[in-house]
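Student: Dropping the sequence and predicted coords here.
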Amino acid sequence: MLKVLEKTHHQAEPGASSFLVDQVAALLCYDPSVRSGAQDASYAMSAAAGRVWSALGDRRLFNRAAVDGLRAELAWLTESLAPLSRSAPAHDRTVPNLQHPHTTQGTAYEAAYDTALAALESDRYFRLVADLQQFCSAPPVRQPRRRHLYGG
């Protein structure tokens, strides 16, 4: 007698898809605040991108070929936002340099902001957003594996 056991992930799929949709929405929610230069928003957007990257890495749910490109683009976005998350505007510094009012502290923040803004205004970013939205609307879920158990 042949028994076929299906190891399905259809029960986990709706929850994972819902989480993924929520994290993509969070990523997009922080976009305007990052564009306006809010430091905490760039950190939050990076964190949301990291959660999307992590969720896409679940090899049990998603086809690897379908997610590798998205994960690479999310890593690029996170790298683009990271310097802004770590730097602070010159006016937030507690000890101003009175001898040299244009210190590298202010220019470091400006450079980080310019990098983040360039990333968010690039075609690459808009392509990533479109690809994420397309992925969420029809996630390429892996086909369930079937294991055959031979019993008597």
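Tutor: Perfect, thanks for sending it. Numbers count the residues shown, from 1 in each chain.
Student: from here on, contacts and neighbour counts on C-alpha atoms
Tutor: OK.
Student: how close does the closest residue to residue 33 other than its chain neighbours sit to residue 25?
Tutor: Spatial nearest neighbour of residue 33, chain neighbours left out: residue 41 (5.8 Å); criterion: Cα to Cα, 6 or more residues apart in numbering. Distance, residue 41 to residue 25, by Cα to Cα, to the nearest Å: 14 Å.
Student: Excluding sequence neighbours, find me the nearest residue to residue 126.
Tutor: Nearest non-adjacent residue to residue 126, counting by Cα to Cα, 6+ apart: residue 120, 7.7 Å away.
Student: Let me know how buried the one you found is, in neighbour terms.
Tutor: Here the count is done by other Cα atoms under 10 Å, and residue 120 has 19 residues near it.
Student: The chain: helices as residue ranges?
Tutor: Counting by DSSP state H, the chain has helices at residues 12-29, 31-35, 39-56, 64-86, 104-120, 123-137.
Student: which residue packs closest to residue 44, ignoring adjacent ones?
Tutor: Closest residue in space to residue 44, ignoring its immediate chain neighbours: residue 30 at 7.1 Å, by Cα to Cα, 6+ apart.
Student: so residue 136 makes contact with residue 20?
Tutor: Yes - applying Cα atoms under 8 Å as the test, residue 136 and residue 20 come out as touching, 7.2 Å apart.
Student: Please say which of these two ends up with more neighbours.
Tutor: More crowded of residue 136 and residue 20, by other Cα under 10 Å: residue 20, with 23 against 16.
Student: Next, find the distance separating the more buried one from residue 42.
Tutor: Applying Cα to Cα to residue 20 and residue 42 gives a distance of 19 Å.
Student: rewinding a little: between residue 41 and residue 25, tell me which one has more neighbours.
Tutor: Neighbour comparison, residue 41 and residue 25: the larger count goes to residue 41, with 22 against 14 (by other Cα under 10 Å).
Student: Who are the contact partners of the more buried one?
Tutor: Residues near residue 41 by Cα atoms under 8 Å, 6 or more residues apart in numbering: 30, 31, 33, 34.
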